[in-house]
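Peer 1: Predicted coordinates and the sequence they were generated for:
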Amino acid sequence: MKIVLTLLLLVPLNILATHPEIDYFLDSKKLKNISETQQRLIAHGFKKVFFTTEDNVKLCGLFLDQSKTKPVIGTIIYCAGFYPGDKEGMSSFYILIADQPYNFLLFDARGHHESEGSFLTYKNLAKYSTHEYLDIIAAIKFVNQYNQMNKINPDIIIHGICSGAYHTIKALDKMTQLSCPECSVVKGIIFDSGWFHIKDIVPTVIQAEATKQLKESWFSWFTKPLNYVMQTIYHFTFKKNYVSQEGIEEAIKRTAIPTWFIHCTQDPYVSINPIQKHVQQCKTEQFWWIHHDSHANYHMTNHKEYQEKLLHFLHNL
């Protein structure tokens, strides 16, 4: 694996970054056209797949198998964040390494787009982060079974952003505790803009979203009152449930899989402080603290830098 990637890294990064459709997949406005984005991915060779979680939720994904045309050195699974949480949105990460010798799986989180389950309902929001890790387990098992059936390199790398990163750590910790054989095929984790406990991020998410929605409108003066109202609603609805939920601080300490932490120092949605505090206790500490104010989308405007560092991490697995 290292030999292959070493040869690939000899190719100038400006060549790797000139995929003919890179401008489309790095345009957040265009990616909102889910139908168009899906058709473009299908044109790349992605095929629609389905797999079911342990709690019987049918998930929809797009899977690209490149092993028919070139040797592949592993499969990368992309795990989306809370919202929009759809597979098409994760294509902005895929396009950065579309020419690399990997298979790729993008999938809709439960309750999103083409996957079963509920999402923006009171019941689901109240228990959010308690079952979503099962989606990651199902994705790993799907890929592992596919690789075994088709005699493809079994190595898996998981790229999670925001809540997708949280669910990934939780999923692998649960699988390790249950001695699931699939754990052995996961060779690396990319923990981009993630968090350790849902109670820590809701207040900042509410404030950041209120600011985002109103700062360029005639109602920008209403930002603080709106934030106060939303924080009060949260206090009397979901806060008790979220505080009682399990965090992944201890799971992070137990993780022996090489993990790369990426986080912007001025991320308005998810504070970097808890991440920096705990990451030093990780057995495989690798991190990239970015002096920027974006959340899970730094790669959209700085794709060459992100691509270079991403390839470096993959090369060293």
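Peer 2: Yep, it's here. Residues are numbered from 1 along each chain as shown.

Peer 1: quick one, phi/psi of C79?
Peer 2: Dihedral pair for C79: phi -120, psi 110, per degrees, to the nearest 10.

Peer 1: same thing with K151?
Peer 2: In terms of degrees, to the nearest 10, the main-chain angles of K151 are phi 50, psi 50.

Peer 1: To what extent is it buried, counted in neighbours?
Peer 2: 8 (other Cβ atoms under 10 Å). Any C-beta I mention is one placed from the backbone N, CA and C, and that applies to glycine too.

Peer 1: can you check N316 too?
Peer 2: Counted with other Cβ under 10 Å, the neighbours of N316 add up to 12.

Peer 1: Show the backbone phi and psi for it.
Peer 2: The phi/psi pair for N316 (degrees, to the nearest 10) reads phi -90, psi 10.

Peer 1: how much space between the residue nearest to L120 when sequence neighbours are not counted and N153?
Peer 2: Among residues not flanking L120 along the chain, G111 sits closest, at 7.7 Å (Cβ to Cβ, 6 or more residues apart in numbering). To N153, G111 is 32 Å away according to Cβ to Cβ, to the nearest Å.

Peer 1: One more: Q207?
Peer 2: 44 Å.

Peer 1: what ranges of the stretch 51-200 of the chain fall below the confidence cut-off?
Peer 2: For the stretch 51-200 of the chain, no stretch is flagged by pLDDT under 70.

Peer 1: What ranges does it have for its helices?
Peer 2: Using DSSP state H, counting those that start in this stretch, the helices of the stretch 51-200 of the chain run over 91-94, 122-126, 133-150, 163-177, 198-214.

Peer 1: I'd like the average pLDDT over whichever helix or strand comes after the last one.
Peer 2: Counting by DSSP states H and E, the element after helix 198-214 in chain order, helix or strand, is helix 223-237. For helix 223-237, the mean per-residue pLDDT is 87.

Peer 1: starting at the chain centroid, how far to helix 223-237?
Peer 2: 28 Å (Cα atoms, centre = their mean, to the nearest Å).

Peer 1: Run through the bridge partners of H263.
Peer 2: Here H263 sits in beta bridges with W289, going by DSSP bridges.

Peer 1: can I assume it is in contact with H292?
Peer 2: No. Counting by Cβ atoms under 8 Å, H263 sits too far from H292 to count as a contact (9.8 Å).

Peer 1: wait, doesn't K47 sit right on Q66?
Peer 2: No. K47 sits out of contact with Q66 when judged by Cβ under 8 Å, with a separation of 11.9 Å.

Peer 1: distance of A210 from S294?
Peer 2: A210 is 18 Å from S294, where distance means Cβ to Cβ.

Peer 1: about what we covered before: the more surrounded of K47 and Q66?
Peer 2: Set K47 next to Q66 and count neighbours by other Cβ under 10 Å: Q66 wins out with 19 against 11.

Peer 1: what's the more buried one sitting at in phi/psi?
Peer 2: Main-chain torsions, Q66, degrees, to the nearest 10: phi -100, psi 0.

Peer 1: Please shift the residue numbers so they start at 58 in all later answers.
Peer 2: With the count now opening at 58, the last piece we talked about shows up as Q123.

Peer 1: and it, what does it touch?
Peer 2: Q123 sits next to G102, V129, P158, Y159, N160 when contact means Cβ atoms under 8 Å, 6 or more residues apart in numbering.

Peer 1: One more pass at 7 Å, please.
Peer 2: Listed by Cβ atoms under 7 Å, 6 or more residues apart in numbering, the contact set of Q123 reads V129, P158, N160.

Peer 1: which residues touch I258?
Peer 2: Counting by Cβ under 7 Å, 6+ apart, I258 touches W252, V327.

Peer 1: Q264 contacts V286, correct?
Peer 2: No. Shown here, Q264 and V286 do not form a contact pair, counting by Cβ atoms under 7 Å, at 11.9 Å.

Peer 1: Pull the number of nearby residues for the residue nearest to L177.
Peer 2: Applying other Cβ under 10 Å, we find 18 residues neighbouring G168.

Peer 1: surely it meets L182?
Peer 2: No. Using Cβ under 7 Å, G168 is not in contact with L182; the gap is 10.2 Å.

Peer 1: Looking at Q264 and V286, which one has more neighbours?
Peer 2: More neighbours surround Q264 than the other of Q264 and V286, with 19 against 13 (other Cβ under 10 Å).

Peer 1: Since that was my last question, I'll sign off now.
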